[in-house]
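>>> Sequence first, then the predicted structure:
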Amino acid sequence: MLDMPAVIFYEVVLAVHIMAVIVAFGVTFAYPIMFSLAARLDPRSLPVLHRIEYSIEQRLTNPGLVVVLAAGIYLASKLHVWSAFYVQWGLASVVVIGGVIGAVMIPTAKRAATLAERDLAASNEDPVGFSDEYRALTRRLATVGTLLSLLVLVTVYFMATHTGA
Ligand code: HEM
């Protein structure tokens, strides 16, 4: 490992950078399918699904984002490309994604889990009647989540299509 030529080490760090992108964001693209199926087939599973959602963001997405950033910093330094557009974009998108997950997605999912439990406990109807407040939170989660997914895709596009530094 210590004798590894710099060019090979660079390739390993690039692979780690890409692996971290997959680990951090892969599952997030499946959330819309999970939530629409859960809402239709078993609304009583929604509170636990919200808990799964924010736990994944805390334990997988945000730590993965730190690895993406650390590996990206090494790559940008090694290639001397700090002034390149795709690197500036990557930095900005890491800040936006981390900030929005911490400030919007995690607190909103926590609140949605609590509200879904409250609505389920109060509802004798079948299908379950969720409150307007809960519906507004799930709309926000879906909209902001979709925008974050698009930002990840656009960032991968800029990273993969840049020409030279
Ligand atoms: C959400 C954030 C990010 C995503 C999704 C992302 C994604 C990627 C992907 C898929 C590649 C491989 C492209 C290829 O080999 O063709 C890549 C390469 C790279 N990324 Fe990122 N990245 C992100 C953030 C960053 C940050 C913050 C930096 C710098 C601080 C950075 C710097 C680089 C560099 C220097 C390369 C190597 C380009 C090359 O080999 O020519 N990335 N990134």
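Done, it's in. Numbering: from 1, shown residues only.
>>> Near the ligand, which residues of this protein are found?
14, 17-18, 21, 68-69, 72-73, 75-76, 79, 81, 87, 90-91, 93-94, 97, 152, 155-156, 159-160 (CB under 6 Å from any ligand atom). Every C-beta, even on glycine, is put in place using the N, C-alpha and C of the backbone.
>>> These, buried ones only, as a PyMOL selection?
Remark: buried members of the residues of the chain next to the ligand, expressed as a PyMOL selection using 16 or more other CB atoms under 10 Å:
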select buried, resi 14+17+21+68+69+72+73+75+76+81+87+90+93+94+97+152+155+159
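>>> Who are the contact partners of the closest residue to the ligand within the chain?
Closest to the ligand within the chain is residue 72: 2.5 Å, counting by CB to the nearest ligand atom. Residues in contact with residue 72 (CB atoms under 8 Å, 6 or more residues apart in numbering) are 17, 87, 90-91, 94.
>>> Chain neighbours aside, what residue packs nearest to the residue most central in space within the chain?
Centroid-nearest residue in the chain: residue 25, 4.7 Å away (criterion: CA atoms, centre = their mean). The shortest distance from residue 25 to any non-neighbouring residue, by CB to CB, 6 or more residues apart in numbering, is to residue 152 (5.0 Å).
>>> Now the helix or strand containing the one you found: buried residues?
Assessed by DSSP states H and E, residue 152 sits inside helix 132-161. Going by neighbour count (16+ other CB under 10 Å), the buried part of helix 132-161 is 134, 137-138, 140-141, 145, 148-149, 151-152, 155, 158-159.
>>> How about residue 14, nearest residue that isn't a chain neighbour?
Excluding the flanking residues, the one nearest residue 14 by CB to CB, 6+ apart is residue 75, at 6.2 Å.
>>> thinking the one you found is in contact with residue 17, fair?
Yes. At 6.3 Å, residue 75 counts as touching residue 17 under the criterion of CB atoms under 8 Å.
>>> What ranges in this structure fall below the confidence cut-off?
Residue ranges of the chain with pLDDT under 70: 1-3, 126, 164-165.
>>> Would you map the helices across it?
6-25, 31-41, 46-56, 62-79, 85-100, 106-122, 132-161 (DSSP state H).
>>> packing partners for the first one?
Using 3 or more CB pairs under 8 Å, 6 or more residues apart in numbering; DSSP states H and E as the contact definition, the elements that helix 6-25 packs against are helix 62-79, helix 132-161.
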